[in-house]
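Asker: Sharing a model prediction with you, sequence too.
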Amino acid sequence: MNALDQDLQEINASVVRMLSLVREETELAKRALIDADIQAAETCIQNDNAVDELMTRLEQRILVVIARRQPAARDLRFLGAMYRALADIERAGDYAVHVARAGAELAQKPPLKKYNDTKRILDILSTMTETTISALAESSMDKAKEAHSMDKEIDDLYEQIQRELLTYMMEDKNTITTATKLLSVGRNLERLGDHLENVNEHIMFWLTNERIEGYPD
């Protein structure tokens, strides 16, 4: 294995590690919200520092590899795709933290409703992240497409949550504060899914050299 191949392998493993940390954050956010686990919320917030630090190191590493190794074609495309994916992964972690914090706040009062749809979104996000990890680790276009497609169900569930919570607020003004917080949770989870969707678009671009519809220039 030459020096460039070693660099690419290590960067791939580090991005997988970053995604794994976000998956852990999402699970902690789920415990904070669904189980009213305040300690899980605190751990999620602490873990986000590791994601931020890893992003900073990887950004620098990728730029150094490009400058020193002067990669071409697929290798350069990989490095560029991973560089762009880092910001999406980091933002996904941030949204998990927002949900964890909201979970800690909501734990202080009786739940407005059962979080069935929200729990379903969290379950999908966990599977989506795991499938994204597989797509990257295995250089799998099929896995990237599979993960990418999961965002549609998240969007549908978020719309359902919005309708239900708006009904609560219209029927009882005393629910407005809690319902607004839950709307924010739904929005944060929807945005988390969007960023994972973006990561898979970056992976697909790396593997095919083709930009799918909606991929930013």
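Answerer: Nice, I can see it.

Asker: what sits against the most centrally placed residue in the chain?
Answerer: Closest residue to the average C-alpha location of the chain: Ala92 at 3.5 Å, with Cα atoms, centre = their mean. Contacts for Ala92 (Cβ atoms under 8 Å, 6 or more residues apart in numbering) come out as Val22, Thr129, Leu192, His195, Leu196, Val199. Where you see a C-beta, it was placed from the backbone N, CA and C, and this is true even at glycine.

Asker: what's near enough to touch the second one?
Answerer: This points to Thr129. Residues in contact with Thr129, defined by Cβ under 8 Å, 6+ apart, are Leu19, Val22, Arg23, Thr26, Ala92, Leu196.

Asker: and after the helix or strand containing it, which helix or strand comes next?
Answerer: With elements taken from DSSP states H and E, the one containing Thr129 is helix 116-137. Note on helix 116-137: by DSSP H and E, the next helix or strand toward the C-terminus is helix 141-149.

Asker: contacts for that following helix?
Answerer: Helix 141-149 has contacts (Cβ under 8 Å, 6+ apart) with 128, 131-132, 134-135, 196-197, 200-201, 203-204, 207-208.

Asker: how about 10 Å then?
Answerer: For helix 141-149, the surrounding residues in contact (Cβ atoms under 10 Å, 6 or more residues apart in numbering) are 127-138, 140, 196-208, 212.

Asker: after that helix comes which helix or strand?
Answerer: Taking DSSP H and E, what comes next after helix 141-149 is helix 151-171.

Asker: Identify each buried residue in that next one, please.
Answerer: The neighbour-count check on helix 151-171 (16 or more other Cβ atoms under 10 Å) flags Asp151, Ile154, Leu157, Tyr158, Ile161, Glu164, Leu165, Tyr168, Met169 as buried.

Asker: and the helix holding Thr129, which residues are buried?
Answerer: Buried residues in helix 116-137 (16+ other Cβ under 10 Å): 117-118, 121-122, 124-125, 128-129, 131-136.

Asker: again, but for stretch 101-116
Answerer: Quick answer for stretch 101-116 (16+ other Cβ under 10 Å): Arg101, Ala102, Gly103, Ala104, Leu106, Ala107, Leu112, Tyr115.

Asker: what about Asn188, how many neighbours?
Answerer: Using other Cβ atoms under 10 Å, the number of residues around Asn188 comes to 21.

Asker: Likewise for Glu90?
Answerer: Glu90: 20 neighbours (other Cβ under 10 Å).

Asker: Skipping adjacent residues, who's closest to it in space?
Answerer: Met55 (4.7 Å; Cβ to Cβ, 6 or more residues apart in numbering).

Asker: if we can go back for a sec, I'd like the buried residues of helix 151-171 written out as JSON lines, with distance to Ile176 and pLDDT added.
Answerer: Shown next, in JSON lines, are the buried residues of helix 151-171 (distance: Cβ to Cβ, whole Å; pLDDT from 0 to 100):
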{"residue": "Asp151", "distance to Ile176": "29", "pLDDT": "97"}
{"residue": "Ile154", "distance to Ile176": "25", "pLDDT": "98"}
{"residue": "Leu157", "distance to Ile176": "22", "pLDDT": "97"}
{"residue": "Tyr158", "distance to Ile176": "19", "pLDDT": "97"}
{"residue": "Ile161", "distance to Ile176": "16", "pLDDT": "96"}
{"residue": "Glu164", "distance to Ile176": "14", "pLDDT": "95"}
{"residue": "Leu165", "distance to Ile176": "10", "pLDDT": "95"}
{"residue": "Tyr168", "distance to Ile176": "8", "pLDDT": "92"}
{"residue": "Met169", "distance to Ile176": "5", "pLDDT": "94"}
